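*Asks:* Requesting a structural model of the entry that follows:
(one chain, ligands or ions: 1)
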Amino acid sequence: MCDTKVAKWEDKVRKVIPYTPGEQPKCSKMIKLNTNENPYPPSKAVEKALQEFQIDSLRLYPDPTISNLTEVLAEYYGLKKENVFVGVGSDDVLANAFLTFFNSDKPILFPDITYSFYDVWADLYKIPYKVQPLDENFSLVKEDYLQENGGIIFPNPNAPTGVLQDISFIEDIVKANQDVIVIVDEAYIDFGGKSCLPLIEKYDNLLVVQTFSKSRSMAGMRIGFAMGNEKLISYLNDVKYSINSYTMNQTSIVLGVENVKDDIYFKETVNKIIATRERSKKQLKELGFSFPDSYSNFIFATHKTCPAQELFEALKRENIYVRYFKKDRISNYLRISIGTDEEMDALFAFLQVFLKKYNN
Ligand SMILES: *Cc1c(COP(=O)(O)O)cnc(C)c1O
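*Replies:* Numbering: from 1, shown residues only. Predicted coordinates:
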């Protein structure tokens, strides 16, 4: 193969710069605080359903309408099944939503510091976009979202900052943009934020997206969902059925239903993570870190004297994985997922020693 010459067919390729996911190291003895996974396993009810799973059902295609999971989610959130769309992780739901709703010559708007998949989907689908800088406290600036646009998307709480905007802030943006679709990505809303879901009754241009990957302990099952007006959901389904009718595999549907039904376990684990997060905030402050107040299952922290990249590498040598983004404005920050109390204590014990030379 000749590798110096660019083949003619290459000009016709749709070239994209892909999203870079956090590392999934194969090593078993590590503290993994780099991808915001839940440190607790799914509930016993989910485990039981997996053990009792009927292998014969895999012969058949799964239900294309994903009705069992859609109905249980609709009931949980007080909606009709026509208000819920389920996909293969919220990444799949969001990609479908970009393709369905962001179809204008005007740019879509999202923050400069945010989930780094948004610009990837925009590029992939050739959607023009204009990023809006967060203020110095990492808050969204409302006025930025009142200009003409082809659609709006932001996470709430935002990632990787953990900063939460309140409902009235979101309502003002949705209300001022009724000619376009506003997508609120609530991947972390269960960790203490207030969902803007009630606003879908009032505004037909709002789509709320959530996931089983963080608060519901099932990143490995790939389940995400969107909630909104019937018409929005029906447009989303039209696009889904134009790509792949059978998106959710049979096991994900069965285990997803059990997950939603065990609400006691869900609330217990979320509350444990919130308690660990609040304790971690105190510890990190004592160690010389500062961070915007987090309403998610991670803390976005910068140290007063130790450079983030150096700390990132030192932690990695200890088999403690956190996330570092070598990007404008945030290259001196680390995003630290909240693990179990034991994992966080191991992190703090290491930091105590390592930061000694920086903290004097
Ligand atoms: C984790 C995350 C997602 C995607 O999660 P899935 O595992 O695909 O459901 C979407 N948005 C944000 C902001 C996230 O952090």
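*Asks:* Let me know the pLDDT of whatever residue of the stretch 1-150 of the chain ends up closest to the ligand.
*Replies:* Closest contact between the stretch 1-150 of the chain and the ligand, by C-beta to the nearest ligand atom, is at residue 89 (2.9 Å). All C-beta spots, glycine's among them, are computed from the backbone N, C-alpha and C. pLDDT for residue 89: 98.
*Asks:* How about it: what's its closest non-neighbour residue?
*Replies:* Counting by C-beta to C-beta, 6 or more residues apart in numbering, residue 89 lies nearest to residue 222, which is 4.3 Å off, once chain neighbours are set aside.
*Asks:* burial measure for that neighbour, as a count.
*Replies:* 20 (other C-beta atoms under 10 Å).
*Asks:* My guess is it contacts residue 88. True?
*Replies:* Yes - Residue 222 lies in contact with residue 88 (C-beta atoms under 8 Å); the separation is 4.7 Å.
*Asks:* Any chance you could list residues touching both of those two?
*Replies:* Common contacts of residue 222 and residue 88 (C-beta atoms under 8 Å, 6 or more residues apart in numbering): residue 252.
*Asks:* Next one: residue 261 from the ligand, what distance?
*Replies:* Using C-beta to the nearest ligand atom, to the nearest Å, residue 261 is found at 20 Å from the ligand.
*Asks:* Pull the number of nearby residues for that residue.
*Replies:* Residue 261, neighbours per other C-beta under 10 Å, totals 17.
*Asks:* In contact with the residue nearest the centre of the chain, which residues are there?
*Replies:* Nearest residue to the geometric centre of the chain (C-alpha atoms, centre = their mean): residue 187, 4.1 Å. Residues counted as contacts of residue 187 (C-beta under 8 Å, 6+ apart) are 90, 115, 155, 159, 209, 210, 211, 213, 214.
*Asks:* Might you report the residue contacts of the residue of the stretch 1-150 of the chain closest to the ligand?
*Replies:* Applying C-beta under 8 Å, 6+ apart, the residues contacting residue 89 are 211, 213, 219, 222, 223, 224.
*Asks:* Give me the neighbour count for residue 78.
*Replies:* By other C-beta under 10 Å, neighbour count at residue 78 equals 10.
*Asks:* With residue 207 instead?
*Replies:* Neighbours of residue 207 (other C-beta under 10 Å): 26.
*Asks:* Hmm, residue 232 and it touching each other?
*Replies:* Yes - using C-beta under 8 Å, residue 207 is in contact with residue 232, at 5.6 Å.
*Asks:* Give me the common contacts of those two.
*Replies:* Common neighbours of residue 207 and residue 232 (C-beta under 8 Å, 6+ apart) are 101, 181, 226.
*Asks:* By neighbours, which of those residues wins?
*Replies:* residue 181 (26 neighbours).
*Asks:* tell me the contacts of the nearest residue to residue 20 once chain neighbours are set aside?
*Replies:* Excluding the flanking residues, the one nearest residue 20 by C-beta to C-beta, 6+ apart is residue 116, at 7.6 Å. Residue 116 makes contact with 19, 20, 325, 327, according to C-beta under 8 Å, 6+ apart.
*Asks:* The same query, at a cut-off of 10 Å, please.
*Replies:* 19, 20, 21, 159, 160, 325, 327 (C-beta atoms under 10 Å, 6 or more residues apart in numbering).
*Asks:* didn't the third one look like it was pressed against residue 35?
*Replies:* Yes - here residue 21 reaches residue 35: they are 7.3 Å apart, a contact under C-beta atoms under 10 Å.
*Asks:* For the two, indicate the residue with more neighbours.
*Replies:* Taking neighbours as other C-beta under 10 Å, residue 21 and residue 35 compare with residue 35 leading, 18 against 11.
*Asks:* Can you identify each of the strands in this protein by residue range?
*Replies:* With strands called from DSSP state E, the chain shows them at 31-32, 84-87, 108-111, 129-132, 152-155, 182-185, 206-211, 224-228, 289-290, 298-303, 320-321, 323-324, 334-337.
*Asks:* In TSV: those strands, plus distance to the ligand.
*Replies:* What follows is those, written out as TSV (distance: least, C-beta to the nearest ligand atom, whole Å):
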stretch	distance to the ligand
strand 31-32	14
strand 84-87	8
strand 108-111	11
strand 129-132	15
strand 152-155	4
strand 182-185	5
strand 206-211	3
strand 224-228	4
strand 289-290	21
strand 298-303	9
strand 320-321	16
strand 323-324	11
strand 334-337	10
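*Asks:* rewinding a little: list only buried entries from the contacts of residue 116.
*Replies:* Buried by 16 or more other C-beta atoms under 10 Å: 159, 160, 325, out of the contacts of residue 116.
*Asks:* May I see the buried residues of stretch 49-56?
*Replies:* residue 49.
*Asks:* just how off-centre is that stretch within its chain?
*Replies:* Here stretch 49-56 is found 29 Å from its chain centre; the criterion is C-alpha atoms, centre = their mean, to the nearest Å.
*Asks:* Can you list the neighbours in contact with that stretch?
*Replies:* So stretch 49-56 is contacted by 42-43, 221, 250-251, 254-259, 261-262 (C-beta under 10 Å, 6+ apart).
*Asks:* Only the buried members of the residues you listed: can you turn that into a PyMOL selection?
*Replies:* Here is the PyMOL selection string for the buried members of the contacts of stretch 49-56, based on 16+ other C-beta under 10 Å:
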select buried, resi 42+43+221+250+254+255+256+257+258+259+261+262
